[in-house]
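Participant: Next input, structure requested:
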Amino acid sequence: MSSSRSGSQGNPPSSPPPTIEAVRRRARHRLIGASVLVAAGVIGFPLLFDTQPRPIAVDIPIEIPGRDTPPPAAPAPVAAAPVPAPAPTPAPAPSPSPAPAPAPAPVAPPPPPPPPPAPAPRPAPAPAPTPAPAPAPKPAAAPAAAERVVVQVGAFADEARAREARQKLERAGLKTYTHVAETAEGRRIRVRVGPFDNRAEAEKAAARVKALGLSAAVLTL
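Facilitator: Purely as a prediction, here's the structure:
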């Protein structure tokens, strides 16, 4: 029992797990340390491997003359050597002018060509015979106006009687129409059957009108 207790007492207690903030702080410290190391390497490497020798300072002695020292004598002026005058340049000799070329001998113009012979006059062509004028076409005879034949059933002064006669003819299958005319006796309503293209058809229609008990007169318009 005592040994187990002593063993448990000798082990240190386990530390709590680090928090997210502590992990971030450690990472930030590591990043800053790495940046410092990189900057030190960038600055120190050129200084460490610099192979150019440093310039050596040259000590130039400067002498300050005392008050009793006489000033240095001024140098005697040096006479300038005389500059020789340039020799005169000889003028170029005039070049001989070229001899004028001989004028060409005049060339005689060629004789003008002889004029071409005048063409022989051609005989005047005989005038072509004037064709006789074609006879004017005769105007075609105007077709005869189509004959219109009607059957007049009657001329009624009373409109009701005219309408009654038309209804009777229409029921029998005859085509009718009315024509209003002003006569000496007054206004008349003419009831007619047709028109027909020929008189034969009008005669047949007149027979049918008479069979209905109405009057019929064949008229050509």
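
Participant: Going by C-alpha atoms from here, please, whenever you check contacts or count neighbours.
Facilitator: Noted.

Participant: need the helix or strand of the chain with the lowest average pLDDT.
Facilitator: Least confident helix or strand, the chain: helix 2-10 with a mean of 44, by mean pLDDT, DSSP states H and E.

Participant: Next secondary structure after it?
Facilitator: Using DSSP states H and E, the helix or strand that follows helix 2-10 in sequence is helix 20-48.

Participant: Pull the residues that contact the top strand by length along the chain.
Facilitator: Secondary structure of the chain per DSSP state E: the longest strand is strand 186-196. Strand 186-196 is contacted by residues 148-159, 162, 165-166, 174-182, 202, 205 when judged by C-alpha atoms under 8 Å, 6 or more residues apart in numbering.

Participant: Return the residues in contact with residue 199.
Facilitator: Residue 199 touches 149, 218, counting by C-alpha under 8 Å, 6+ apart.

Participant: leaving aside the residues next to it on the chain, what's closest to residue 196?
Facilitator: residue 149 (5.0 Å; C-alpha to C-alpha, 6 or more residues apart in numbering).

Participant: residues near that neighbour, how many?
Facilitator: Residue 149 has 21 neighbouring residues, counting by other C-alpha atoms under 10 Å.

Participant: What of residue 31?
Facilitator: With other C-alpha under 10 Å as criterion, residue 31 counts 12.

Participant: partner residues bridging residue 192?
Facilitator: For residue 192, the beta-bridge assignment (DSSP bridges) gives partners residue 152, residue 177.

Participant: That one - how many residues pack around it?
Facilitator: Neighbour count for residue 192, taken as other C-alpha under 10 Å: 25.

Participant: related to what we said a few turns ago, show the buried residues in the contacts of strand 186-196.
Facilitator: Neighbour counting by 16 or more other C-alpha atoms under 10 Å classes 149-156, 162, 165-166, 174, 176, 178, 202, 205 among the contacts of strand 186-196 as buried.

Participant: returning to what we had before: average pLDDT for the longest strand of the chain?
Facilitator: Averaging pLDDT along strand 186-196 gives 90.

Participant: Just the mean pLDDT for the helix or strand following that strand, thanks.
Facilitator: Of the helices and strands lying after strand 186-196 in sequence (DSSP H and E), the nearest is helix 199-211. The average of the pLDDT scores along helix 199-211 is 91.

Participant: Okay, now the unreliable bits of this structure?
Facilitator: Scanning the chain for pLDDT under 70 picks out the ranges 1-18, 49-111, 114, 116-121, 123-146.

Participant: please redo it, this time with the cut-off set to 50
Facilitator: Where the chain drops to pLDDT under 50, the residues are 1-10, 12, 141-143.

Participant: Residues contacting stretch 202-219, please?
Facilitator: 149-154, 169, 174, 193-196, 199.

Participant: now the residues you listed as CSV including distance to residue 38?
Facilitator: Shown next, in CSV, are the contacts of stretch 202-219 (distance: C-alpha to C-alpha, whole Å):
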residue, distance to residue 38
149, 132
150, 132
151, 135
152, 135
153, 136
154, 138
169, 131
174, 128
193, 130
194, 128
195, 128
196, 129
199, 135
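
Participant: Of these, which is the nearest to residue 23?
Facilitator: residue 174 (122.4 Å; C-alpha to C-alpha).

Participant: Setting aside sequence neighbours, what's the nearest residue to that closest one?
Facilitator: residue 193 (6.7 Å).

Participant: what's the neighbour count on that neighbour?
Facilitator: Quick note: residue 193 (other C-alpha under 10 Å) scores 25 neighbours.

Participant: Alright, I will stop here.
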